[in-house]
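> Give me coordinates for this.
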Amino acid sequence: KPEPEPKPEPEPEPEPKPEPEPKPEPKPEPEPEPEPKPEPEPSPEPPTDGTCTSLCRLKKIGSCDLLADEQACSQGYITRGNFAVACAWEGCAGCFAEGNNLLECPNLATLCSSGPE
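Coordinates of the predicted model:
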């Protein structure tokens, strides 16, 4: 004998939904701002950007300690084999080769004779 179909449960009354707030006008997509260029760190001498080409605008000298004033010192560099380093001025110590800025520039002469990029 077939089972009587169960009566469907009455649906519970849905909660009255609150009125939707008016949506704000969609803002136009802002243009992506160009990446700000990083500010170069203000650093004392030497005026090089840490590349071999930056030495081209300086004067090659025999030894940094031959330069007696800050102006001349900041415009000089020395080479030893394939290595080059800009001179740096240090108050009472005078002019010296700043070893922390040592660059390996095996083709410095060629690089500098070809002019700026």
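> pull the helix or strand with minimum mean pLDDT from this protein.
Here the helix or strand of the chain ranked lowest by mean pLDDT, DSSP states H and E is helix 108-113, holding a mean of 86.
> can you pull the buried residues of that helix?
Residues 108, 111-112 are the ones in helix 108-113 that count as buried (16 or more other CB atoms under 10 Å). The way it works is simple: take the backbone N, C-alpha and C, and place the C-beta from them, glycine included.
> cool, and stretch 53-66?
Of the residues in stretch 53-66, those scored as buried under the neighbour-count criterion (16+ other CB under 10 Å) are 53-56, 58, 61, 64.
> out of these, which one sits closest to residue 82?
residue 55 (12.7 Å; CB to CB).
> how about the closest one, what does it touch?
Residue 55 is in contact with 48, 77, 84, 86, 103, 105, 108, 112, counting by CB atoms under 8 Å, 6 or more residues apart in numbering.
> Just send the buried residues of helix 108-113 back as JSON lines, with distance to residue 94 too.
Below are the buried residues of helix 108-113 laid out as JSON lines (distance: CB to CB, whole Å):
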{"residue": "108", "distance to residue 94": "25"}
{"residue": "111", "distance to residue 94": "29"}
{"residue": "112", "distance to residue 94": "26"}
